[in-house]
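Engineer: Mind looking at a prediction? Sequence and model below.
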Amino acid sequence: VQLQASGGGLVQAGGSLRLSCLVSGRTFSAYVMGWFRQAPGKEREFVASISWSGGRTYYADSVKGRFTISRDNAKNTVYLQMNSLKPEDTAVYYCAAKVVGGTYHYWGPGTQVTVSS
């Protein structure tokens, strides 16, 4: 399984970005997909996840109400719509995949998001 995230960039506080993660190699719809992030000097943290059907989503408290995770199983792609961005959202964002009941085993290389104040 290979994951490739894209869509990062530089944006002003209050702005929006949409990250995409294309998954190849296995049946995409079998995986729970997640987004994580790691800021400089900090540990990687959970941002959001979505079930294989898209029917269940989970968010970190810090992004709830501002970020939306979604997936298109026909396109093997998971998205993270990020609105009302804050400087503290600055980090490298990673997409990851796991089977139900497992741990996140597959990771992409990450995409940089920088929010200026």
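Structural biologist: That came through, no problem.
Engineer: who touches T114 in this structure?
Structural biologist: 8-11, 90 (CB atoms under 8 Å, 6 or more residues apart in numbering). In short, each C-beta sits where N, CA and C put it, glycine included.
Engineer: Likewise for Q112?
Structural biologist: By CB under 8 Å, 6+ apart, the neighbours of Q112 are 8-9, 91-93.
Engineer: hang on, the earlier thing: could you point out which of the contacts of T114 is nearest to V78?
Structural biologist: G8 (14.6 Å; CB to CB).
Engineer: list the contacts for the nearest residue in space to that closest one that is not next to it in sequence?
Structural biologist: Closest residue to G8 apart from its sequence neighbours, by CB to CB, 6 or more residues apart in numbering: T111 at 3.4 Å. Contacts of T111 were listed using CB under 8 Å, 6+ apart, and they are 5-8, 19, 92-93.
Engineer: for M33, same thing?
Structural biologist: 21, 23, 49-50, 69, 71, 78, 95-97.
Engineer: Which of these fall in helices?
Structural biologist: Among the contacts of M33, none falls in helices (DSSP state H).
Engineer: What residues of stretch 81-95 count as buried?
Structural biologist: Neighbour-count burial for stretch 81-95, with 16 or more other CB atoms under 10 Å as criterion, is recorded at 82, 85, 89-95.
Engineer: of the residues you listed, closest to F36?
Structural biologist: Using CB to CB, the buried residues of stretch 81-95 come closest to F36 at Y94, 4.8 Å.
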